[in-house]
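> Here you go, sequence then predicted model.
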Amino acid sequence: QVQLVESGGGLVHPGDSLRLSCVASGGTFSTYAMAWFRQVPGKEREYVAAITWKGATMYSTDIVKGRFTISRDNAKNTMYLQMNNLEPEDTAVYYCAAGHTSRLGEVGEYGSWGQGTHITVSS
């Protein structure tokens, strides 16, 4: 299975932007569907966005509301999440995931996970 490492989290103010990165190794990155999930303590991990191996994108409209963009660079084995206009409700640990699946929004469909990167949005 592919190994994943996220980066780019931090402490930001409401309205700020961040770009998360997820670097993959040990597998054929270009063949995987990739996704971002997030989790807060005491709650289930929730789907944020996904991108197929071909580059088609899908978003959780309730969460993203047009603010986030997912992308991938297969030459760099890297996936990104550009996050704009961040809100306090976006505070969470963000995880990237990889899988060979068409059920992009389902946690159980992904066999590889990163360790997570924490985002805190606070004034």
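That came through fine.

> does the closest residue to residue 105 other than its chain neighbours have beta-bridge partners, and which?
In this structure, residue 105 finds its nearest non-sequential neighbour in residue 47, 4.3 Å apart by CB to CB, 6 or more residues apart in numbering. Using the backbone N, CA and C atoms, a C-beta is placed for each residue, glycine as well. In this entry, residue 47 is beta-bridged to residue 37, by DSSP bridges.

> mind listing the helices for the chain?
61-64 (DSSP state H).

> any low-confidence regions in this structure?
Filtered on pLDDT under 70, the chain yields no residues whatsoever.

> quick one, strands of the protein?
Using DSSP state E, the strands of the chain run over 3-7, 10-12, 18-25, 33-39, 46-51, 57-59, 68-73, 78-83, 92-99, 112-113, 117-121.

> which helices and strands sit right next to the second one?
Of the remaining helices and strands, those touching strand 10-12 by 3 or more CB pairs under 8 Å, 6 or more residues apart in numbering; DSSP states H and E are strand 117-121.

> same check, this time on the shortest one
Using 3+ CB pairs under 8 Å, 6+ apart as the contact test, the elements touching strand 112-113 are strand 3-7, strand 92-99.

> measure the spatially most central residue of the chain to residue 3 for me?
What sits nearest the mean C-alpha location of the chain, by CA atoms, centre = their mean, is residue 36, with 2.2 Å. Distance of residue 36 to residue 3, computed by CB to CB, to the nearest Å: 17 Å.
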